[in-house]
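Visitor: here is a sequence together with a model predicted from it:
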Amino acid sequence: MKFAAPRRQHLYALLLGLIFCLGLAPWDLWPLSLFSVYGLWALLEGRSARQGFFLGWTYGIGLWGSGVSWLWVSIHEHGATSAWLAALMVLFVAVVMGSLSGVQAALYRRYLARSASWLGFTGAWVLFEWLRSWLLTGFPWLYLGDGLIDTALAGYAPLGGVFLVSGLACLSVLMLARLDARRAIALILLWYAGHRLFLHDWTQAQGRPLSVSLVQGNIDQDSKWDVANEDAIIATYRRLSRTEWGRDIVLWPEAAITKFYDEATTDLQDLQTLAQAHGTTLITGIPYAEPYAQDYLYFNTVIALGEGAGIYAKQRLVPFGEYVPMAPVLRGLMPFFDLPMSGFTPGPEHQPPLRAGLWRVQPSICYEVAYPELLQKQAAAADLLVTVSNDAWFGHSHGPQQHFAMVRMRALETGRYFLSATNNGVTAVVDPKGRVLARAPSFRPYVLRAEVRSMRKLTPWLVWGETPTLLLAVLACCAGRGWRRSATLPEEGTHG
């Protein structure tokens, strides 16, 4: 089957990539993502590896161009970069990240489309999603599985994480494309099993409910890092929290305190005394400076005060937002490369959870929640998960909604409650099934109250991580390769 005439095939590939993100938040039209995946597979049928690369690359440009178009907001509106240059920078990201889709398509056509091409394509899809999670520090965004969080396939997340959900979604649409009686039965059983797995409780609640208050300050991004506003920002959060002391946990977002830790001694002591007097743990983001040689190292941290204790330094930093690659070369070229607080250092691995009374609370800071393997390593020792973020960088775009979908997926994978506190984006409470229990309205000061539970026991994903899913992906690639057949057989769809 030929999906398109040669002169139109790249246009179709671009359009298929563009519609992929409509299956993700905030649109959640997940059948469109599945159609996009099917369309790429059909478009690649009968192509050479070289043709596959350029078709896959075009598809990837469409996928990343639409999927991360929200970067334009941070680069242009908050990075003081001209609109056309900001658009070029987003296009550059799409071209670079899209090249991975080109390599994926080329390898699929060269090696994996000789026997069961639908299995080979699925295996390659999963392995390249995983590759994106760590290659060059990783950009773990736009995963197919994140759009399936409200479907029966989400039931597989506690077993194999988002990559297993992605793989089964990809497999489902390709099985549907070649439907016969056996595949129809297998497809029905696959989705029914996912539904039954979703109903199973992998973890269990222990102890009394914990009262939590998530404080959304709605601080304007353009004035947030003005030194003249430091005291006013702290006063805003204290005002919003004045009725919340006495709750078990009060959670402020990323860098809610814009003073460095050593400069905020008086403020922190006041908050420590206030929270402790009411039996409350205050968890807040704050930058931290540590002397090093003749200079300082700067960390993006979360601390616990009052009835809590501990400090956590962010491990996975946002390129250009929190650190600048090749800084000696790029600094000074344009305002975007000189943003405030863009000189952070990654925190160490194996940091212990924060303590909130008798509870162990594992924090993530903004971008970190997108990394499945990071949470998989951290969450096993925690009773409760929290993430703090400053989504003001992305305005009214779809970026914060995509970010929050990952919070929901991490809650489902780990079987734990997840608190998401943001400056003005998506402040919400998610239960261990990935369902939203409570959510604050965006772009206004707000205090969100809820009750959560301590969750014990581990999901299979917390025990085994991505390893079983990756092994299944490798087996699918072997099936596509045709391990029992001669390597000299012509590729599927070609004529010898």
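Guide: All right, it came through fine.
Visitor: any idea of the mean pLDDT for the helix or strand encompassing Met409?
Guide: In this structure, Met409 sits in helix 399-414 according to DSSP states H and E. Averaged across helix 399-414, the pLDDT comes to 97.
Visitor: next helix or strand past that helix?
Guide: The first helix or strand that comes after helix 399-414 along the chain, using DSSP H and E, is strand 418-422.
Visitor: now the helix or strand following that following strand, how far from the chain's geometric center?
Guide: Using DSSP H and E, the helix or strand that follows strand 418-422 towards the C-terminus is strand 428-430. Relative to its chain's centre, strand 428-430 lies at 15 Å (Cα atoms, centre = their mean, to the nearest Å).
Visitor: Gln29 touches Gly23, doesn't it?
Guide: In this structure residue 29 is Leu, not Gln. Yes. If you go by Cβ atoms under 8 Å, Leu29 and Gly23 touch, sitting 5.5 Å apart. C-beta here means a position set from N, CA and C on the backbone, and glycine is covered the same way.
Visitor: of the two, who's got more company?
Guide: Gly23 (23 against 14; other Cβ atoms under 10 Å).
Visitor: quick one: that one from Leu16, how far?
Guide: 12 Å (Cβ to Cβ, to the nearest Å).
Visitor: shared neighbours of those two, anything?
Guide: Ser36 (Cβ atoms under 8 Å, 6 or more residues apart in numbering).
Visitor: residues of the longest helix along the chain that come out buried?
Guide: Ranked by residue count, the top helix of the chain under DSSP state H comes out as helix 83-107. Neighbour counts over helix 83-107 (16 or more other Cβ atoms under 10 Å) mark 86-87, 89-91, 93-94, 97-107 as buried.
Visitor: now for that helix, which elements pack on it?
Guide: For helix 83-107, the packing partners by 3 or more Cβ pairs under 8 Å, 6 or more residues apart in numbering; DSSP states H and E come out as helix 49-67, helix 71-72, helix 117-132.
Visitor: which strands or helices does the first one pack on?
Guide: In terms of contacts (3+ Cβ pairs under 8 Å, 6+ apart), helix 49-67 is packed against helix 6-20, helix 30-44, helix 83-107.
Visitor: you'd agree Arg444 is up against Asn218?
Guide: Yes. With contact defined as Cβ under 8 Å, Arg444 reaches Asn218; the gap is 5.6 Å.
Visitor: overlap in contacts of these two?
Guide: Joint contacts of Arg444 and Asn218 (Cβ under 8 Å, 6+ apart) are Asn424.
Visitor: the two: which has the busier surroundings?
Guide: Asn218 (19 against 9).
Visitor: from Lys259, how far off is the more buried one?
Guide: From Asn218 to Lys259 the distance is 19 Å (Cβ to Cβ).
Visitor: what of Thr243?
Guide: In terms of Cβ to Cβ, Thr243 sits 24 Å off from Lys259.
Visitor: when those two are compared, which one has more neighbours?
Guide: Neighbour count, other Cβ under 10 Å: between Thr243 and Lys259, Lys259 has more, with 19 against 11.
Visitor: tell me the pLDDT at that one?
Guide: You'll see Lys259 listed with a pLDDT of 97.
Visitor: residues near the residue lying closest to it once chain neighbours are set aside, how many?
Guide: The shortest distance from Lys259 to any non-neighbouring residue, by Cβ to Cβ, 6 or more residues apart in numbering, is to Glu230 (5.1 Å). Other residues lying near Glu230 total 18 when counted by other Cβ under 10 Å.
Visitor: what helix or strand is Glu230 on?
Guide: Here Glu230 is assigned to helix 230-241, by DSSP H and E.
Visitor: partners of the helix or strand following that helix in the sheet?
Guide: Downstream of helix 230-241, the next assigned helix or strand under DSSP H and E is strand 249-251. Using DSSP bridges, the strands paired with strand 249-251 are strand 204-216 (parallel), strand 281-292 (parallel).
Visitor: contacts only, for the residue positioned nearest the centre of the chain.
Guide: The centre of the chain sits closest to Ala370, judged by Cα atoms, centre = their mean, with a distance of 2.4 Å. For Ala370, the contact set (Cβ under 8 Å, 6+ apart) comprises 140-141, 403, 406.
Visitor: out of those residues, the closest to Ser364 would be?
Guide: Closest approach to Ser364 among the contacts of Ala370 (Cβ to Cβ): Met406, at 9.9 Å.
Visitor: ok, and the closest non-adjacent residue to that closest one?
Guide: Closest to Met406 by Cβ to Cβ, 6+ apart is Ala370, at 5.0 Å.
Visitor: relative to Asp146, how far out is the one you found?
Guide: 9 Å.
Visitor: which residues do these two both contact?
Guide: By Cβ under 8 Å, 6+ apart, the residues touching both Ala370 and Asp146 are Met406.
Visitor: can I get the CA coordinates of stretch 356-373 in PDB?
Guide: C-alpha atoms of stretch 356-373 as PDB (Å, rounded to 0.1, in the frame of the first residue of the first chain):
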ATOM      1  CA  ALA A 356       6.900  16.300  57.100                       C
ATOM      2  CA  GLY A 357       6.100  15.100  60.600                       C
ATOM      3  CA  LEU A 358       6.300  11.300  60.400                       C
ATOM      4  CA  TRP A 359       5.800  11.400  56.600                       C
ATOM      5  CA  ARG A 360       8.500  11.000  54.000                       C
ATOM      6  CA  VAL A 361       7.800  13.500  51.100                       C
ATOM      7  CA  GLN A 362       9.700  13.200  47.800                       C
ATOM      8  CA  PRO A 363       9.900  16.500  46.000                       C
ATOM      9  CA  SER A 364      10.400  17.200  42.300                       C
ATOM     10  CA  ILE A 365      11.100  20.600  40.900                       C
ATOM     11  CA  CYS A 366       9.400  21.600  37.600                       C
ATOM     12  CA  TYR A 367      11.000  19.800  34.700                       C
ATOM     13  CA  GLU A 368      12.100  16.800  36.800                       C
ATOM     14  CA  VAL A 369       8.700  15.300  36.900                       C
ATOM     15  CA  ALA A 370       9.000  14.600  33.200                       C
ATOM     16  CA  TYR A 371      11.700  12.000  33.800                       C
ATOM     17  CA  PRO A 372      10.200   8.600  34.500                       C
ATOM     18  CA  GLU A 373      13.400   6.900  35.600                       C
END
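Visitor: for that stretch, buried residues please.
Guide: In stretch 356-373, counting by 16+ other Cβ under 10 Å, buried: 356, 359, 361-372.
Visitor: nearest to Trp130 among the residues you listed?
Guide: Pro372 (8.8 Å).
Visitor: not counting sequence-adjacent ones, nearest residue to the closest one?
Guide: Looking at Pro372 with Cβ to Cβ, 6+ apart, the closest residue is Gly161, at 5.3 Å.
Visitor: also Ala256?
Guide: Distance criterion Cβ to Cβ, 6+ apart; nearest residue to Ala256, sequence neighbours excluded, is Thr284 at 5.0 Å.
Visitor: can you check His10 too?
Guide: Per Cβ to Cβ, 6+ apart, closest to His10 is Thr58, 4.8 Å.
Visitor: repeat for Val388
Guide: Glu254 (4.3 Å).
Visitor: tell me the SS of the one you found?
Guide: Three-state assignment for Glu254 (DSSP: H, G, I helix; E, B strand; the rest coil): coil.
Visitor: tell me how many other residues surround it.
Guide: Glu254: 25 surrounding residues under other Cβ under 10 Å.
Visitor: what does Arg238 give?
Guide: 15.
Visitor: where does the stretch 301-450 of the chain dip in pLDDT?
Guide: Residue ranges of the stretch 301-450 of the chain with pLDDT under 70: 320-321, 323-342.
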